[in-house]
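[1] Predicted coordinates and the sequence they were generated for:
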Amino acid sequence: MFVVWLLAPSAWACADPGDDGQADGATEAEAEAGAETGTGTSEAPLGDRCEDTAVIIEAPTRFEGSLRGATGDSEGIAAACGLSGPTVFAAVTLRTRADLQVLARGRAYSAKFAVLRPGCVADPSRILACGESLPVTLTDIGPDVEVLVAIGIDAADPALAAVAGEPDPLAYELRLETLAVLGEHARCQPGFGRCEAGTVCLASEESGVLVDRCRRPPADSCFAPGTLIVANPGAAAIIEIGPDDPHSDAHAHACTGWRRPERVERLVLPAGLSETATLQIHADDARVGLALRGPSCLPEHALACAPASEGGEPISLSFGGPGQLASLAAGEPPLLFIELPHAEQDPDEAPGAITVTVELFD
């Protein structure tokens, strides 16, 4: 499955690093409705010219149709996704804040599809995702947004020469499924959906009753990092992360891959470091990635990172050199991100405690 992280304003919501998300969250009724996947089926002809698209499909749903009689995408709106043969278009609306999964399958061919921003403009930058055979997921969009879906076939596909029949070789099925995204403080439990990036479903006492809500775990993001004091050169600061410690996926890093559950610590360094001082950070689990950013937490202020070795030796991150660490120590403390393994990476392996050691050499 391909996952698309949308970084866009307004209704195209995505919990980007430092974004507080939707503070008031969704109601329980909205959450339950948004978490359901579509089981109904719609049947109607789709427009084979983008400008003629009159069919509006509301997700979640399952839609069936055929490319028979359709023409090519003469405007080239979906050309960047390889839709060179007959193509049809559908407008898809999403009423709730959710992850939207899109999948198109052809009966006697491999259906190609594109998900685009609304509007019939041939501009590759408007394409949100391309797909063929596997579903694509647009993460955390809505509420009340519309996307354009194009479904087509390669111009050289032999299925185009197949005669019409029952069932039609050029028939396709479009599946649109949703998973509700719950804002901070929203009620959460299985079947409600998932908590937005930066929060996890945690129980807390309210009026003498334990209530599950989407909450920010401690030492989990730039919003409220922990504090790790590296007191003196030669001394080691140690972080122990238990297997049951809650962590969310608030941030993404260039070298550690797409969002992982993580621990975030603000590193307080001693003043007066030499120009050659270096920082050595070591994790005892090969599945852990490490990243270091400036105090702003902006992605463009990344200082260094080391990806997980995935089955190899535990990794280390080194940062320093001519004046680099001395400058950091004289200003605002940098942020250390400990990118933890996804639970689904090793479902048969019981998780254990993870130890990260931070050492300063001067």
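    Arrived safely.

[2] pLDDT wise, what is residue 14 at?
    We note a pLDDT of 34 for residue 14 in this prediction.

[3] for residue 68, same thing?
    89.

[4] for residue 351, same thing?
    Turning to residue 351, the model gives it a pLDDT of 61.

[5] And for residue 39?
    Listed pLDDT for residue 39 reads 38.

[6] try the one 3 residues further on
    What the model reports as pLDDT for residue 42 is 43.

[7] swap in residue 109?
    95.

[8] quick one: it from residue 171, how far?
    Distance, residue 109 to residue 171, using Cβ to Cβ, to the nearest Å: 10 Å. Placement of C-beta: from N, CA and C, glycine included.

[9] how would you label residue 175: helix, strand or coil?
    Here residue 175 is strand, with the state taken from DSSP: H, G, I helix; E, B strand; the rest coil.

[10] Quickly list what it is bridged to.
    Beta-bridge partners for residue 175, by DSSP bridges, are residue 62, residue 103.

[11] Show me the domain layout of this structure.
    Using automatic domain parsing, the domain parsing of the chain gives 2-182, 226-361.

[12] so where is the stretch 151-300 of the chain shaky, pLDDT-wise?
    In the predicted model of the stretch 151-300 of the chain, residues 258-259 satisfy pLDDT under 70.

[13] so where do the strands sit in it?
    Using DSSP state E, counting those that start in this stretch, the strands found in the stretch 151-300 of the chain span residues 171-182, 194-195, 200-206, 209-215, 226-229, 236-241, 262-268, 278-283, 289-293.

[14] In JSON lines: these, plus distance to residue 142.
    Shown next, in JSON lines, are these (distance: least, Cβ to Cβ, whole Å):
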{"stretch": "strand 171-182", "distance to residue 142": "8"}
{"stretch": "strand 194-195", "distance to residue 142": "14"}
{"stretch": "strand 200-206", "distance to residue 142": "20"}
{"stretch": "strand 209-215", "distance to residue 142": "17"}
{"stretch": "strand 226-229", "distance to residue 142": "33"}
{"stretch": "strand 236-241", "distance to residue 142": "34"}
{"stretch": "strand 262-268", "distance to residue 142": "26"}
{"stretch": "strand 278-283", "distance to residue 142": "37"}
{"stretch": "strand 289-293", "distance to residue 142": "29"}
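
[15] want to throw these into TSV with mean neighbour count and distance to residue 50?
    Putting the strands of the stretch 151-300 of the chain into TSV (neighbours: other Cβ atoms under 10 Å; distance: least, Cβ to Cβ, whole Å) gives the following:
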stretch	mean neighbour count	distance to residue 50
strand 171-182	23	16
strand 194-195	24	33
strand 200-206	14	41
strand 209-215	16	38
strand 226-229	14	50
strand 236-241	15	50
strand 262-268	21	41
strand 278-283	20	50
strand 289-293	24	41
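
[16] and residue 65, which of those strands is closest to it?
    strand 171-182 (6.0 Å; Cβ to Cβ).

[17] angle of that closest one against strand 209-215?
    Taking axes from the mean of the first three to the mean of the last three Cα atoms, to 10 degrees, one finds that strand 171-182 is oriented at 120 degrees with respect to strand 209-215.

[18] elements contacting strand 171-182?
    The contact analysis (3 or more Cβ pairs under 8 Å, 6 or more residues apart in numbering; DSSP states H and E) places strand 171-182 against helix 28-35, strand 61-66, strand 87-94, strand 98-106, strand 145-152, strand 194-195.
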